[in-house]
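Student: predicted model, plus sequence, below.
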Amino acid sequence: MATLEELKEKRKKSLIVVCTLGLSTLFVPKWHPVWMTNIFEGVSFAKGEMSWFFKLLSFTFFGLLVVTISFIVEFVKLIYYSIVISKYS
């Protein structure tokens, strides 16, 4: 079982993600390749003048997906860590 200090540190990290609405996870190295993926790469209508729009659309979609998932996961972790810490006290 984790010590009280480790639990408080994990709760602090979860609180940071929840307070920033998940935006802080966009720059974590393990999530960066996910939201930087261009799903329209190689498609004929995504070439030319509108390529920047489809690239932006792809980044926005994956960025919002990563932010939403990380917010939900970290919110559940925050509740769990708070409950476990309250049992220690």
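Tutor: On my side now, so go ahead.

Student: next, the buried residues of the helix or strand that Lys8 is a member of.
Tutor: Element membership for Lys8, per DSSP states H and E: helix 4-19. Residues of helix 4-19 classed as buried by neighbour count (16 or more other Cβ atoms under 10 Å): 7, 10-11, 14-15, 17-18. (C-beta placed from N, C-alpha, C; glycine too.)

Student: for Ile61, give me the pLDDT.
Tutor: That one is not Ile; residue 61 is Phe. What the model reports for Phe61 is a pLDDT of 92.

Student: nearest residue to it other than its sequence neighbours?
Tutor: Distances taken as Cβ to Cβ, 6 or more residues apart in numbering place Ile39 nearest to Phe61, at 7.5 Å, with adjacent residues excluded.

Student: does Gly63 touch Thr37 like I think?
Tutor: No - counting by Cβ atoms under 8 Å, Thr37 is not a contact partner of Gly63; they are 10.4 Å apart.

Student: mind checking what helix or strand follows the helix holding Lys8 in sequence?
Tutor: Note on helix 4-19: by DSSP H and E, the next helix or strand toward the C-terminus is helix 32-35.

Student: check which helices and strands whichever helix or strand comes after that next one sits against.
Tutor: Per DSSP H and E, the first helix or strand lying C-terminal to helix 32-35 is helix 51-88. Contacts defined by 3 or more Cβ pairs under 8 Å, 6 or more residues apart in numbering; DSSP states H and E place helix 51-88 against helix 4-19, helix 32-35.

Student: between Gly63 and Thr37, which one's more packed in?
Tutor: Under the criterion of other Cβ atoms under 10 Å, the comparison of Gly63 against Thr37 puts Gly63 first, with 18 against 11.

Student: who's in contact with the more buried one?
Tutor: 26, 35 (Cβ atoms under 8 Å, 6 or more residues apart in numbering).
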